[in-house]
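Colleague: coordinates only, sequence not included:
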């Protein structure tokens, strides 16, 4: 009894397979197919004469491959031809016995639908030699999943923009193309101004909505060949590729800035936004990371110059970056080599000339550059985070100096500045407590000074930190009051015991009615909340006398002494009593009727804006924009608003 023929045995094998499968003889001619193959051919537009039994599969693939030479290499036909060549080559290798398995994945286009298949070719012994099984498996779902995962890995989930990983790849490709073509690549680093404040006021959902809108606006301002990426948080990067000249970057940067000029509506609230933008042009041989660092440095320079502007990375800025890097390295070493020291500036009672406190100010005894003031290294310490260990050292040292029984600070209070980073440091309470316990300093003798910007930077966290610091028994001061948001809300909301008038307003006494009005108003605000008022930067007896006339009872400045080392402080303190100005507050110098009764609507508008936390400058701007009547008929100023708030 004879068994089944080879054709029947092959057919049985094919019918047992779920995937679309055909068998070919040693010449590449199809000798058997299964039902799945017939369905596969029909669904994808296959001609039975080409892919059916007795059709030469090998010849069909080779003929399709000949289209590759004639087709545009970027076209779909060229890609199909390349796939056909690969399959034909693999089939020949299997039929010749040189390979045991060949795989190739390819797209199949039929109408508007694109599907993906993997073809696997394996040897199949036959009576006339070595044939092959050709199996086509639908991997469309797998391919789509892989693409989705790749997209997620390379794109920001919130905005859909390329992320840092894809940005690095695109930038590297743009630089490589520029080297070959002789074109230019420029990078813009964009950071939204005051985004944290906006995010805190709108909530995280509102902040996310704002970022999505910003991304859409920026996307509309870039060309197809460019890349817009979300770098991190509120930072975006644009890679301008294939620029013929470097001068093209000016109009492109201006277009970016213009997209942010109109306010954004978030949950029914109009939010005015701006961005600081740094731009760098790639130099020959630069890496992508180096270009990004240059653009980032230019962006920070834009922020330092007032935000909401574009800065180009220049040779001067490059020198500044190199200097800051050198300063950072030296400063890290200085902390370990004890090169930092504290100088103290006396705070004086204006009525008696008696010293009441000393403000600790850091100085750096640099081995090559001599004694450096804070303006030469504190900004670098802030940017790098070194301000945290530096501030921790300054706090501990100041507390020790204050309890030295034979030292000049014995019996006086000591003031220490807290930076934005220190206030945000989760260990700040522990650091202060440790300094107090280690030194034995009574908490009420320690005055910690924070700027308005430090409070506004992260208001919820700042509020918690200030409450916990006050619970330790230390006193808190708002430094440089008047230069930031200057809102009574902060004085009411936080346990502030002292307000310091910024030196820029003190310098205007005798020269500027507005500066005099602001000084007087700050004193009134301090009195209204029961806080002590200290004037900074007092340099003349006229300024001291005027401040005393306003009701400010404490001051510091060159009128008494600059900041000096602790071993020179004792001699300085003994001379402070020689300066005891009499009250000479300017009288009868009002040139405007700023304190005349206000229209109820205007008064209500001021109260509403101030209650919402708006700054003096913001309130004045809103009143002028709304054409609210000023008593003297002129424009509103921050000083005028301050006077009315103080009077109220």
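Modeller: Thanks, I have it. Source: prediction; values computed, not measured. Numbers count the residues shown, from 1 in each chain.

Colleague: ok, residue 44 - how many residues close by?
Modeller: By other C-beta atoms under 10 Å, 18 other residues sit near residue 44. Every residue, glycine included, has its C-beta placed from N, CA and C.

Colleague: show me the shaky parts of the stretch 101-250 of the chain.
Modeller: Counting by pLDDT under 70, the stretch 101-250 of the chain has low-confidence residues at 110-111, 127.

Colleague: hey, where'd the strands end up in it?
Modeller: Shown for the stretch 101-250 of the chain, the strands assigned by DSSP state E, counting those that start in this stretch span residues 102-110, 113-126, 129-138, 184-192, 227-232, 235-243.

Colleague: turn those into CSV, columns for distance to residue 289 and mean neighbour count.
Modeller: CSV is the format used below for the strands of the stretch 101-250 of the chain (distance: least, C-beta to C-beta, whole Å; neighbours: other C-beta atoms under 10 Å):
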stretch, distance to residue 289, mean neighbour count
strand 102-110, 34, 15
strand 113-126, 36, 16
strand 129-138, 42, 20
strand 184-192, 11, 25
strand 227-232, 13, 20
strand 235-243, 12, 22
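
Colleague: looking at those strands, which is closest to residue 35?
Modeller: strand 129-138 (13.4 Å; C-beta to C-beta).

Colleague: give the pairing partners of the closest one; include direction for each.
Modeller: The strands beside strand 129-138 in its sheet (DSSP bridges) come out as strand 20-24 (antiparallel), strand 113-126 (antiparallel).

Colleague: and the closest residue to residue 206 other than its chain neighbours, how far is that from residue 12?
Modeller: Residue nearest to residue 206 in three dimensions, not counting chain neighbours: residue 266, with 4.8 Å by C-beta to C-beta, 6 or more residues apart in numbering. Distance, residue 266 to residue 12, by C-beta to C-beta, to the nearest Å: 67 Å.

Colleague: same thing with residue 567?
Modeller: 103 Å.

Colleague: about what we covered before: looking at residue 266 and residue 12, which is more packed in?
Modeller: residue 266 (20 against 11).

Colleague: bridge partners for the more buried one, pull those for me.
Modeller: residue 269.

Colleague: quick thing: my sequence starts at 320, can you match it?
Modeller: Okay, residue one is now 320; in that scheme the one you just asked about reads as residue 585.

Colleague: that one: what's it in contact with?
Modeller: 521, 525, 528-529, 532 (C-beta atoms under 8 Å, 6 or more residues apart in numbering).

Colleague: counting neighbours, what do you get for residue 527?
Modeller: With other C-beta under 10 Å as criterion, residue 527 counts 15.

Colleague: excluding covalently adjacent residues, which one is nearest to it?
Modeller: For residue 527, the closest residue by C-beta to C-beta, 6+ apart turns out to be residue 477, at 5.8 Å.

Colleague: I figured that neighbour hits residue 532, correct?
Modeller: No - at 11.3 Å, residue 477 and residue 532 do not qualify as touching, with contact defined as C-beta atoms under 8 Å.

Colleague: of those two, which one has the most company?
Modeller: residue 532 (17 against 13).

Colleague: how much space separates that one from residue 539?
Modeller: Applying C-beta to C-beta to residue 532 and residue 539 gives a distance of 11 Å.

Colleague: after the helix or strand bottoming out on mean pLDDT in the chain, next one along is what?
Modeller: Taking mean pLDDT, DSSP states H and E as the measure, the helix or strand of the chain with the lowest value is helix 386-389, at a mean of 53. Downstream of helix 386-389, the next assigned helix or strand under DSSP states H and E is helix 395-414.

Colleague: tell me what angle that following helix forms with strand 448-457.
Modeller: 140 degrees (axes from the mean of the first three to the mean of the last three C-alpha atoms, to 10 degrees).

Colleague: what are the contacting residues of helix 395-414?
Modeller: By C-beta under 8 Å, 6+ apart, helix 395-414 touches 343, 345, 347, 376-377, 380-381, 383-387, 390-391, 418-423, 425-426, 428, 438, 440-442, 449-451, 453.

Colleague: helix or strand for residue 627, which one?
Modeller: Per DSSP H and E, there is no helix or strand for residue 627.

Colleague: ramachandran angles for it?
Modeller: With angles defined as degrees, to the nearest 10, residue 627 sits at phi 60, psi 40.

Colleague: residues near it, how many?
Modeller: For residue 627, using other C-beta under 10 Å, the count is 16.

Colleague: who's in contact with it?
Modeller: 512, 593-595.

Colleague: just the buried residues from those, in PyMOL please.
Modeller: Listed next is the PyMOL selection for buried residues among those, using 16 or more other C-beta atoms under 10 Å:
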select buried, resi 512+594+595
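
Colleague: which one is residue 490 nearest to, not counting chain neighbours?
Modeller: Using C-beta to C-beta, 6+ apart, the closest residue to residue 490 is residue 607 (4.0 Å).

Colleague: check contacts around that neighbour.
Modeller: By C-beta under 8 Å, 6+ apart, the neighbours of residue 607 are 487, 490-491, 494.

Colleague: ok, residue 940 next?
Modeller: residue 955.

Colleague: separation between it and residue 634?
Modeller: Distance from residue 940 to residue 634, by C-beta to C-beta: 38 Å.

Colleague: kindly report the same for residue 537.
Modeller: Per C-beta to C-beta, residue 537 is found 28 Å from residue 634.

Colleague: also residue 846?
Modeller: Taking C-beta to C-beta, one finds residue 846 at 52 Å from residue 634.

Colleague: looking at these two, which is more packed in?
Modeller: residue 846 (16 against 7).

Colleague: now the more buried one: closest residue in space, sequence neighbours ignored.
Modeller: Closest to residue 846 by C-beta to C-beta, 6+ apart is residue 870, at 6.3 Å.

Colleague: helices and strands around whichever strand or helix holds residue 637, which ones?
Modeller: Secondary structure from DSSP H and E places residue 637 in helix 634-656. Packing partners of helix 634-656 (3 or more C-beta pairs under 8 Å, 6 or more residues apart in numbering; DSSP states H and E): helix 607-623, strand 674-685, helix 697-703, helix 706-721.

Colleague: C-terminal to that helix, what's the next element?
Modeller: Following helix 634-656 in sequence, per DSSP H and E, is strand 659-668.

Colleague: buried residues, the longest helix seen in the chain. List them.
Modeller: Longest helix in the chain, counting residues (DSSP state H): helix 514-539. Buried residues in helix 514-539, counted by 16+ other C-beta under 10 Å: 514, 517-519, 521, 525-526, 528-534, 536-538.

Colleague: where's it relative to the chain centroid, distance-wise?
Modeller: In terms of C-alpha atoms, centre = their mean, to the nearest Å, the centre of helix 514-539 is found 13 Å from the chain centre.

Colleague: other residues contacting stretch 530-540?
Modeller: 477-480, 509, 511, 547, 549, 553, 555, 557, 574-575, 577-579, 583, 585, 592.

Colleague: just curious, which of the contacts of residue 627 is nearest to residue 851?
Modeller: residue 512 (33.1 Å).

Colleague: once you drop chain neighbours, what's closest to that closest one?
Modeller: That would be residue 626: by C-beta to C-beta, 6+ apart, it lies 4.4 Å from residue 512.

Colleague: same thing with residue 757?
Modeller: residue 715 (6.7 Å).

Colleague: which residues touch that neighbour?
Modeller: Per C-beta under 8 Å, 6+ apart, neighbours of residue 715: 753-754, 757-758.

Colleague: try residue 699
Modeller: 643, 646-647, 650, 705.

Colleague: pLDDT at it, what is it?
Modeller: As predicted, residue 699 sits at a pLDDT of 87.

Colleague: what do you get for residue 725?
Modeller: Reported pLDDT for residue 725: 89.

Colleague: please apply the same query to residue 895.
Modeller: Model confidence at residue 895 (pLDDT) stands at 84.

Colleague: and residue 346, helix, strand or coil?
Modeller: On the three-state scheme (DSSP: H, G, I helix; E, B strand; the rest coil), residue 346 is labelled coil.

Colleague: give me the neighbour count for it.
Modeller: Counted with other C-beta under 10 Å, residue 346 comes out at 14.
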